[in-house]
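Trainee: okay, sequence plus prediction incoming.
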Amino acid sequence: MKLRFRVLFPLILPLLSRVLAQETPESRTEPWIRDPASYVNAFIGTVNVGHVFPGANLPHGMIKAGLDTDSPGNHAGYDGDPQYNVTGFSQLHDSGTGGSIPLSNFKLWAYASCSSFEKCPSGIVQRKLKRKVLDDGSPDDYASPGYFSTNLTNNIRVELTATRRTALHRYTFPAGTTHPRILVDIANDGQRSATYPQVSIDQLGDGDEESSSYQSGRVRGGAEFAASFGPGRYKAFVCVTFRGEGYELGKPTEFGAYSNNYPVRGARSGEQVYLSSGSEHGALLEFTPSPTSGVTSILARVGVSFISTDQACSTAEEEIPDYDFEKVKSEARAQWNDVLGRVKVGFGDAGQRTTEKQKELVEHFYSSLYRTHIAPADYTGENPHWNSTEPYYDSLYCNWDTYRTLYPLMAMHDPITFSKIVRGMIDIQKHEGWLPECRGATVKHYMQGGSNADPILADFIVKYPPSSSQVSSLGVSASDLYTALLKDAEEQPPNWNLQGREVHVWKELGYIAQSFASVGGANTKWVSRTLEYAFDDFAIAQAAKVLGKNEDVEKYLKRAQNFLHVWNPDVTMPGGPDFVKGMMQPRFADGTWNHTDPRHCSIHDPEKATCFLNAARRDGFYEASPIVYSQYVPQDTAKLIELQGGPEAFIQRLDWIFENDYFDVTNEPSHQMPFMYHYANRPGLSTLRSRKVLEEHFDLTKDGLPGNDDSGAMGSYAAFSLLGMYPLPATRQLLISSPYFPVVEFVNPVYNTTTTFKTSGSGLFVKGVTIDGEAWHSICYVEWDIFEKGSVVVLELGDDDSLGCGEGGLPPSISTGGYA
């Protein structure tokens with residue numbers, strides 16, 4: 001965990017709305033940003049632990065073409081620190097993940113000069129070199145949605161763009177290059193894990209009809225690789241063809257397969273170089289330089305498949321038939337502008353948006369929103385495990401990270417993609433037995449929390465119920481969705497480390513017991529799994545409510561209160577204040593308590609534990625301390641407040657957690673905590689706390705994230721914070737505060753509505769809310785209906801931070817009857 005103080009967006013910024021105070025919200029006409037992609041800073045979080053991918057891809061595209069480095073933190077291939085060498089330009093990446101290094105498959109590399117074909121360094125260690133460095137000390141890299149470029153110290157310029165399953169590279173060689181060469185690395189993924197590699201080179205057979213699609217040579221290959229966060233392995237395949245830009249490239253003048261650092265001229269297949277697992281393998285090709293220009297540019301079209309090399313070749317031909325780099329780049333940007341433009345932020349007029357701080361806010365918002373659309377990845381057509389007409393999404397890495405904020409944000413502006421992801425998850429359940437939790441490169445990864453696809457599916461059906469006429473076109477079967485949820489809730493899988501839940505003990509005891517003898521998974525994370533399972537059952541109750549299954553509503557709401565079984569009211573904080581009393585704690589099967597130091601897994605833990613996946617440590621908590629998990633009951637915060645001594649004691653406890661650095665923004669279980677003051681009837685404190693968290697831990701630099709971006713979870717968290725909102729997953733409620741933008745609009749393509757949030761008056765705190773001109777009873781939350789109707793929500797701002805939510809305005813909780 002990194003604790004850093006940053007103030008790029010001071011608390012005074014919302015007072016910029018004062019300049020609009022003379023103008024009524026209803027009369028305001030907003031000149032919206034037409035090119036939101038131009039405000040995306042793709043390099044935020046690309047050094048240290050952010051692990052953000054800044055390369056070329058479409059929204060949720062399978063292909064993520066980017067620069068790879070030899071950085072120890074190259075989980076997304078890239079590192080924004082220029083001290084690290086470039087090792088190639090690969091086609092597949094994840095973004096913001098931990099674990100081992102995922103993907104980074106099929107690197108390409110270009111050479112401007114080698115003394116001979118055989119002397120070209122093909123080994124990854126021997127060929128690597130640095131990027132050029134700008135005057136400010138940063139690497140000479142550039143990125144915008146759908147495009148990436150860099151300038152290497154060998155004077156080769158590399159540019160990348162992409163379609164969904166195909167990358168297009170452009171290598172521009174320095175003037176005077178006489179032997180331009182390009183290498184295709186088959187074996188070196190991020191973990192160097194390849195086994196059973198295969199490679200073949202087609203120079204161009206005269207009279208061969210098939211060769212018409214690769215007039216300048218073709219490289220095909222593939223291998224089997226290790227999963228990055230689980231025990232499985234996956235196969236991937238590649239097909240690379242070449243074309244000269246502005247001239248006829250012709251056949252390769254020289255070519256050959258290589259093994260390790262030894263290219264073998266004329267070798268057309270891997271068998272000619274003794275292919276073996278654990279070694280480096282690929283192909284090297286030399287081409288004729290441009291005869292009419294001093295500068296040679298060669299295009300490489302790279303198709304990738306998880307099915308076969310034939311499919312990789314056919315997909316590439318289908319998606320990029322003409323090698324038109326600028327066209328592919330332009331179409332990619334248009335797709336990004338479409339999805340980003342569905343959430344519009346503004347300050348009233350174009351002139352006001354020219355202030356530097358407002359530009360920073362807009363850049364921060366669209367950069368955060370952009371990262372929420374890198375993953376999951378649309379692998380439709382690339383599922384090697386079964387044939388299906390349903391969508392298939394992968395890079396679910398992991399649902400534990402993303403269910404809290406990423407999918408609720410997606411529901412607000414991109415429900416079509418959301419529906420495809422849900423359909424894909426249901427299809428996985430049909431074929432593998434249980435819903436996916438963590439998944440990468442088509443194989444199962446280890447679970448972190450509970451069966452956290454449950455709140456994702458519930459979030460969808462609660463907001464897009466089958467009773468709505470507009471929802472039918474999305475193709476989500478409500479009955480199949482509910483069947484999938486019940487499978488997680490009621491049947492135990494063979495290995496709950498990878499899918500489903502430890503159901504037997506959950507149903508028998510109502511909690512996950514420490515040292516309970518049950519074959520099928522690690523006996524760890526007892527307390528955190530209990531809390532996650534309880535929320536999962538709450539999500540199922542919400543889905544049951546939509547479908548009119550009243551008995552199930554009652555059943556799963558009761559199970560949603562199982563968190564009470566791990567609340568020990570007698571545990572205190574070592575050396576802590578008297579008002580911090582009671583903690584979530586591990587329990588044995590016979591009902592007796594064990595004890596975990598509340599500081600465990602925090603920065604103050606005397607043992608410096610991490611609570612990561614380690615069965616030997618036998619941690620009762622996952623990636624957060626008992627102090628943090630003792631605040632995680634989003635389905636019944638009212639009951640939690642009662643357990644912790646009432647509203648005033650609850651507020652004191654929250655303040656103490658923040659002031660003593662037990663709040664851990666680097667992991668998602670903490671994320672709802674700044675907004676928990678709402679439930680204690682002090683929304684003004686939520687406003688102050690959420691803004692402080694954003695301003696201290698997030699900024700626009702390469703080091704601008706407090707931890708892993710977690711497949712966009714940090715991006716969605718920052719985006720909601722900038723909008724003055726926090727979602728309640730699997731519900732129709734949205735917690736509200738004052739936004740950083742006086743005007744925000746959400747365009748919903750399914751409901752065909754535009755929902756507008758506006759501010760009036762001046763100040764930092766919400767003191768009144770109207771919806772479509774009518775006074776709303778709460779200043780703490782609004783209902784999902786506003787997105788179905790396309791309402792105008794006006795937030796009246798003031799300076800009083802002591803206001804309560806309003807009569808009957810507290811956010812719902814189970815114990816107050818809010819979800820019955």
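Mentor: Sure thing, it's come through. Numbers count the residues shown, from 1 in each chain.

Trainee: poorly predicted segments of this protein, please.
Mentor: 1-31, 204-214, 349-354, 517, 615-617 (pLDDT under 70).

Trainee: who are the neighbours in contact with the residue most central in space within it?
Mentor: The chain has Ser711 as the residue nearest its centroid, 1.9 Å off, counting by C-alpha atoms, centre = their mean. Residues counted as contacts of Ser711 (C-beta atoms under 8 Å, 6 or more residues apart in numbering) are 94-97, 374-376, 395-398, 401-402, 406. For glycine as for every other residue, the C-beta is placed from the backbone atoms N, C-alpha and C.

Trainee: would JSON lines of the residues you listed with secondary structure and distance to Asp141 be doable?
Mentor: Written out in JSON lines, the entries for the contacts of Ser711 read as follows (DSSP: H, G, I helix; E, B strand; the rest coil; distance: C-beta to C-beta, whole Å):
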{"residue": "Asp94", "secondary structure": "coil", "distance to Asp141": "19"}
{"residue": "Ser95", "secondary structure": "coil", "distance to Asp141": "16"}
{"residue": "Gly96", "secondary structure": "coil", "distance to Asp141": "18"}
{"residue": "Thr97", "secondary structure": "coil", "distance to Asp141": "21"}
{"residue": "Ile374", "secondary structure": "coil", "distance to Asp141": "17"}
{"residue": "Ala375", "secondary structure": "coil", "distance to Asp141": "21"}
{"residue": "Pro376", "secondary structure": "coil", "distance to Asp141": "26"}
{"residue": "Ser395", "secondary structure": "coil", "distance to Asp141": "23"}
{"residue": "Leu396", "secondary structure": "strand", "distance to Asp141": "29"}
{"residue": "Tyr397", "secondary structure": "coil", "distance to Asp141": "24"}
{"residue": "Cys398", "secondary structure": "coil", "distance to Asp141": "29"}
{"residue": "Asp401", "secondary structure": "helix", "distance to Asp141": "27"}
{"residue": "Thr402", "secondary structure": "helix", "distance to Asp141": "27"}
{"residue": "Leu406", "secondary structure": "helix", "distance to Asp141": "26"}
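
Trainee: ranking by neighbours, what's the top pick from these?
Mentor: The residue in the contacts of Ser711 with the most neighbours, by other C-beta atoms under 10 Å, is Ser95 (32 neighbours).

Trainee: roughly how far does the closest residue to that one other than its chain neighbours sit from Gly232?
Mentor: Once its chain neighbours are removed from consideration, Ser95 has its nearest residue in Phe53; the separation is 3.7 Å (C-beta to C-beta, 6 or more residues apart in numbering). Note on Phe53: its distance to Gly232, by C-beta to C-beta, to the nearest Å, is 22 Å.

Trainee: quick revisit: quick one: contacts for the residue nearest to Ser95?
Mentor: Phe53 makes contact with 64, 66, 76-78, 93-96, 374, according to C-beta under 8 Å, 6+ apart.

Trainee: helix or strand: which one has Ala42?
Mentor: With elements taken from DSSP states H and E, nothing contains Ala42; it lies in neither a helix nor a strand.

Trainee: can I assume it is in contact with Ala143?
Mentor: Yes. Counting by C-beta atoms under 8 Å, Ala42 sits close enough to Ala143 to count as a contact (3.9 Å).

Trainee: overlap in contacts, these two.
Mentor: Contact with both Ala42 and Ala143 is made by residues Pro54, according to C-beta under 8 Å, 6+ apart.

Trainee: for the residue nearest to the centre of the chain, helix, strand, or coil?
Mentor: coil (DSSP: H, G, I helix; E, B strand; the rest coil).

Trainee: can you give me the distance of it to Leu340?
Mentor: As defined by C-beta to C-beta, Ser711 lies at a distance of 18 Å from Leu340.

Trainee: all strands for the stretch 151-300 of the chain, in order.
Mentor: Under the criterion DSSP state E, counting those that start in this stretch, strands of the stretch 151-300 of the chain are mapped to 157-162, 166-173, 181-185, 195-202, 218-226, 233-244, 254-259, 262-263, 281-286, 296-305.

Trainee: meant to ask about the stretch 351-500 of the chain, not that
Mentor: Counting by DSSP E, counting those that start in this stretch, the strands of the stretch 351-500 of the chain are 377-378, 393-394, 439-440, 443-444.

Trainee: deepest of these, which one?
Mentor: Highest mean neighbour count of the strands of the stretch 351-500 of the chain: strand 439-440, a mean of 28 (counted as mean count of other C-beta atoms under 10 Å).

Trainee: and the contacts of that strand?
Mentor: Outside strand 439-440, the residues that touch it by C-beta under 8 Å, 6+ apart are 94, 102-103, 227-230, 394-397, 428, 445.

Trainee: dump the residues you listed to JSON lines, plus distance to Asp772.
Mentor: What follows is the contacts of strand 439-440, written out as JSON lines (distance: C-beta to C-beta, whole Å):
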{"residue": "Asp94", "distance to Asp772": "42"}
{"residue": "Pro102", "distance to Asp772": "46"}
{"residue": "Leu103", "distance to Asp772": "47"}
{"residue": "Ala227", "distance to Asp772": "50"}
{"residue": "Ser228", "distance to Asp772": "48"}
{"residue": "Phe229", "distance to Asp772": "46"}
{"residue": "Gly230", "distance to Asp772": "49"}
{"residue": "Asp394", "distance to Asp772": "41"}
{"residue": "Ser395", "distance to Asp772": "39"}
{"residue": "Leu396", "distance to Asp772": "38"}
{"residue": "Tyr397", "distance to Asp772": "40"}
{"residue": "Ile428", "distance to Asp772": "40"}
{"residue": "His445", "distance to Asp772": "45"}
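
Trainee: OK, contacts around Tyr407?
Mentor: Neighbours of Tyr407 in contact, by C-beta under 8 Å, 6+ apart: 418, 456, 459-460, 729.

Trainee: any chance of those in JSON lines, plus neighbour count?
Mentor: What follows is those, written out as JSON lines (neighbours: other C-beta atoms under 10 Å):
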{"residue": "Phe418", "neighbour count": "24"}
{"residue": "Ile456", "neighbour count": "26"}
{"residue": "Asp459", "neighbour count": "26"}
{"residue": "Phe460", "neighbour count": "26"}
{"residue": "Pro729", "neighbour count": "26"}
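
Trainee: keep only those of those residues that are in helices.
Mentor: 418, 456, 459-460 (DSSP state H).

Trainee: longest helix in this protein, please.
Mentor: With DSSP H setting the assignment, residue counts place helix 526-546 as the longest helix in the chain.

Trainee: strands along the stretch 1-150 of the chain, start to end?
Mentor: Assigned strands in the stretch 1-150 of the chain, in chain order: 66-69, 86-90, 107-111, 141-144, 147-151 (criterion: DSSP E, counting those that start in this stretch).

Trainee: which one of those strands is the most hemmed in?
Mentor: Mean neighbour counts were taken over the strands of the stretch 1-150 of the chain using mean count of other C-beta under 10 Å, and the top value, a mean of 28, falls to strand 66-69.

Trainee: off-centre distance for that strand?
Mentor: Taking C-alpha atoms, centre = their mean, to the nearest Å, one finds the center of strand 66-69 at 19 Å from the center of the full chain.

Trainee: export it to PDB, keeping only CA atoms.
Mentor: C-alpha atoms of strand 66-69 as PDB (Å, rounded to 0.1, in the frame of the first residue of the first chain):
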ATOM      1  CA  GLY A  66       1.700  -2.700 -26.900                       C
ATOM      2  CA  LEU A  67       5.300  -2.200 -26.000                       C
ATOM      3  CA  ASP A  68       6.900  -4.700 -23.700                       C
ATOM      4  CA  THR A  69       9.800  -4.000 -21.300                       C
END
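
Trainee: pairing partners for it, with directions?
Mentor: Within its sheet, and counting by DSSP bridges, strand 66-69 is paired with strand 86-90 (antiparallel).
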